[in-house]
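I need the structure of the sequence given here:
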Amino acid sequence: MKPTVFVARRIPDAGLKIIEPVCEMQVWENSLPPPYENLTARVKGVDGILSLLTDRIDGALMDAAGAQLKIISQYAVGYDNIDVAAARERGIAIGHTPGVLTEATADLAFALLMAAARRIQEGVEYIRAGHWKTWEPTTLLGADITGATLGIVGLGRIGKAVARRAGGFDMRILAHSPSATAETAAEAGVTLVDLDRLLRESDFVSLHVPLNARTRHLINRDTLRKMKPTAILINTTRGPVVDQQALYDALSSGVIGAAALDVTDPEPMSPDDPLLRLPNALIVPHVGSATIKTRDRMAVMAAENLVAGVTGKPLPHPVPSK
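Predicted coordinates for the structure are as follows:
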């Protein structure tokens, strides 16, 4: 008898084709994520779950699935939606998709930096509103990128990839990352500094930290006040790393110059959110990994973890032990 698995959203066929020959597979076909009650009901009796960031996978859900549950395979690098401790207590393996998102997410982080610096969204709206009458010397003046100072908060894979891109623009690069060594910093071409100095000296601040108790609201009223009034904040990591109300207040009162966000708190963002009415806030809907190649590779990695887990083999891409 084939092991049974539940896939919490339709992922690219590159992954489903790996799962289908090995498992009895049920897929949540709705474009919206399954509500927690539906998810709890659908996982009963399954051997494996393929989850997304939008799915709350806690101990109660694991217990509802049953003692036969062997694997939770996350279609993402981050896994803050999963109660890892509860899974470990129950002997459930956890997989994720590390590394594959690095270049795509770094591309987007730098694209957001450039778009915010050069006020691209404002320019589009300027034309649509019929304001473009002639070339003007002082219209929509933006910030220089070449030679500016970039502060990278979190020097993991994505942070280092952003640093590589910044090097091509002759940027001075500061980084704050408690786990980074001098050797890591030298390889990345960055100068390690404390967070206060990074915020004080950077023209752009790009966030690349995992979401945990230490980093939740890392960017808040106090830290925003330490930034330059012309500084631009970029967030492609997790929405709750930034206190969104504090960010709105800082942007609307001129405490900082602009922000460009791929992630928000909550997600999805309400169309009525006041941040969307600010001309100096550029917001896109969590598309950091949204390239065909990247999403296909994520699907393959998640499928490989799922199949390995339900067949009793070591996961090729396990969540690391703390």
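
show me where the stretch 201-322 of the chain has strands.
Ranges of strands in the stretch 201-322 of the chain, per DSSP state E, counting those that start in this stretch, are 204-207, 232-235, 258-261, 281-283.

using CSV, lay out those strands together with mean pLDDT and mean neighbour count.
Every C-beta, even on glycine, is put in place using the N, C-alpha and C of the backbone. Shown next, in CSV, are these (pLDDT from 0 to 100; neighbours: other Cβ atoms under 10 Å):
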stretch, mean pLDDT, mean neighbour count
strand 204-207, 98, 28
strand 232-235, 99, 29
strand 258-261, 98, 26
strand 281-283, 98, 20
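
beta partners of Ala93?
Ile71 (DSSP bridges).

which residues touch it?
70-72, 87, 305, 309, 315, 318 (Cβ atoms under 8 Å, 6 or more residues apart in numbering).

same question, Ala250
221, 224-225, 256.

mind running it again at 6 Å?
224, 256 (Cβ atoms under 6 Å, 6 or more residues apart in numbering).

how close does it get to Ala281?
Ala250 is 10 Å from Ala281, where distance means Cβ to Cβ, to the nearest Å.

cool, Arg297 as well?
Taking Cβ to Cβ, one finds Arg297 at 31 Å from Ala281.

how about Ser202?
Ser202 is 18 Å from Ala281, by Cβ to Cβ.

ditto for Asp58
Counting by Cβ to Cβ - Asp58 and Ala281 are separated by 33 Å.

could you do Arg225 as well?
18 Å.

and if you look at Val300?
35 Å.

do the same with Glu267
From Glu267 to Ala281 the distance is 15 Å (Cβ to Cβ).

off-centre distance for the strand or helix carrying Gln26?
Per DSSP states H and E: Gln26 is located in strand 24-27. Strand 24-27 sits 27 Å away from the centroid of its parent chain (Cα atoms, centre = their mean, to the nearest Å).

packing partners for it?
strand 4-7 (3 or more Cβ pairs under 6 Å, 6 or more residues apart in numbering; DSSP states H and E).

ok, the strand it packs on: who's next to it in the sheet?
Going by DSSP bridges, the partners of strand 4-7 are strand 24-27 (parallel), strand 48-51 (parallel).

and the first one, what's its mean pLDDT?
Spelled out, it's strand 24-27. For strand 24-27, mean pLDDT is 98.

give the buried residues for the strand holding Gln26.
Neighbour counts using 16 or more other Cβ atoms under 10 Å place 25, 27 of strand 24-27 among the buried residues.

hey, C-alpha coordinates of it in CSV?
Extracted in CSV, the C-alpha atoms of strand 24-27 (Å, rounded to 0.1, in the frame of the first residue of the first chain):
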residue,chain,number,x,y,z
GLU,A,24,-1.6,8.4,-2.6
MET,A,25,-1.7,12.1,-3.0
GLN,A,26,-4.5,14.6,-2.0
VAL,A,27,-4.0,18.2,-3.2
